[in-house]
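Visitor: One predicted model, sequence on top.
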Amino acid sequence: MKRQSLPIIALVVAYSLFMLWWFLREEAPSLRTKSTAATKKNAPAASASPPLGSSSKGGFPATGRAVAQASGQHIKPGEIAAFQPYRYPGTPPYYPGEPVTAYVRVPSTGKNEALTVNQGGEFPRMMTQPGETVQVRLSFTDTAPETPVALTAQDGGYIEGGLTSTAGKLDATKQLAFGFTVSKNPGIHRVTLKTPAGETKTLEFWAGPPISFKKP
């Protein structure tokens, strides 16, 4: 082989290697796309996540949402007949506004209570554990079905969906169910509910042990 032909052969080999590299670089993304599409096509369908709310068994998830169980844990309409009436001590106070009953389930205490508001529009306080999710079903008497009711967490915690403020519509029976998760901080956690008519009522939950008052 002549010496002058060696550079020519080297150039041909280098050019061939360059073209092979260029071809692989251009084709690789489309090959990956086809492979990913085939994988997704053969993969099992993901289960649909439940709408509106859930809660982990207590506490806040890393994303600020605790929405995996609540929709399945909502208080059912047929269950409320077994809830025990719970009013402030003494005779039922006069309340000038629309009567609204709050059916509340607290897993840690096993309590299922039907709460009645006092003259200030406040429901009796319920005891919970920090990070716990309670279930609530509101039952209105005068407000029409499909009316929106604004819900706001005032002192921490969140309404299902990871929200501190949201709204839900009353169903055909003038009721609305939702879950509420108190924060991990002990103390009071209030949820206000307000209708378009302007009436505001307040649910109260105490997270942690009650405050003990020692005599001086």
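Guide: Nice, I can see it.
Visitor: From now on I want contacts and neighbour counts done on CA atoms only, so please keep to that.
Guide: Noted.
Visitor: pLDDT weak spots in this protein?
Guide: Applying pLDDT under 70 to the chain picks out residues 1-7, 11-16, 18-72, 89-94, 212-216.
Visitor: where do the strands sit along it?
Guide: 84-86, 100-106, 111-116, 126-128, 133-140, 148-153, 158-159, 165-169, 175-181, 187-194, 200-207 (DSSP state E).
Visitor: so can I have JSON lines of those strands showing distance to Gly78 and mean neighbour count?
Guide: Output for the strands of the chain, formatted as JSON lines (distance: least, CA to CA, whole Å; neighbours: other CA atoms under 10 Å):
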{"stretch": "strand 84-86", "distance to Gly78": "14", "mean neighbour count": "16"}
{"stretch": "strand 100-106", "distance to Gly78": "12", "mean neighbour count": "22"}
{"stretch": "strand 111-116", "distance to Gly78": "13", "mean neighbour count": "21"}
{"stretch": "strand 126-128", "distance to Gly78": "22", "mean neighbour count": "22"}
{"stretch": "strand 133-140", "distance to Gly78": "11", "mean neighbour count": "23"}
{"stretch": "strand 148-153", "distance to Gly78": "22", "mean neighbour count": "20"}
{"stretch": "strand 158-159", "distance to Gly78": "23", "mean neighbour count": "28"}
{"stretch": "strand 165-169", "distance to Gly78": "19", "mean neighbour count": "16"}
{"stretch": "strand 175-181", "distance to Gly78": "12", "mean neighbour count": "26"}
{"stretch": "strand 187-194", "distance to Gly78": "23", "mean neighbour count": "20"}
{"stretch": "strand 200-207", "distance to Gly78": "22", "mean neighbour count": "20"}
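Visitor: Would you mind giving those strands as a markdown table with distance to Ile75 added?
Guide: Output for those, formatted as a markdown table (distance: least, CA to CA, whole Å):
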| stretch | distance to Ile75 |
| --- | --- |
| strand 84-86 | 14 |
| strand 100-106 | 8 |
| strand 111-116 | 10 |
| strand 126-128 | 16 |
| strand 133-140 | 6 |
| strand 148-153 | 17 |
| strand 158-159 | 15 |
| strand 165-169 | 15 |
| strand 175-181 | 7 |
| strand 187-194 | 17 |
| strand 200-207 | 16 |
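Visitor: Ok, which of those comes nearest Gln73?
Guide: Gln73 sits nearest to strand 133-140 of all these, at 7.3 Å, using CA to CA.
Visitor: just checking, what packs against the closest one?
Guide: Contact here means 3 or more CA pairs under 8 Å, 6 or more residues apart in numbering; DSSP states H and E; on that basis strand 133-140 packs against strand 100-106, strand 175-181.
Visitor: That one to strand 111-116, inter-axis angle?
Guide: Orientation check (axes from the mean of the first three to the mean of the last three CA atoms, to 10 degrees): strand 133-140 against strand 111-116 gives 30 degrees.
Visitor: In this structure Val104 contacts Thr116, no?
Guide: No. Between Val104 and Thr116 there is no contact under CA atoms under 8 Å: 11.0 Å.
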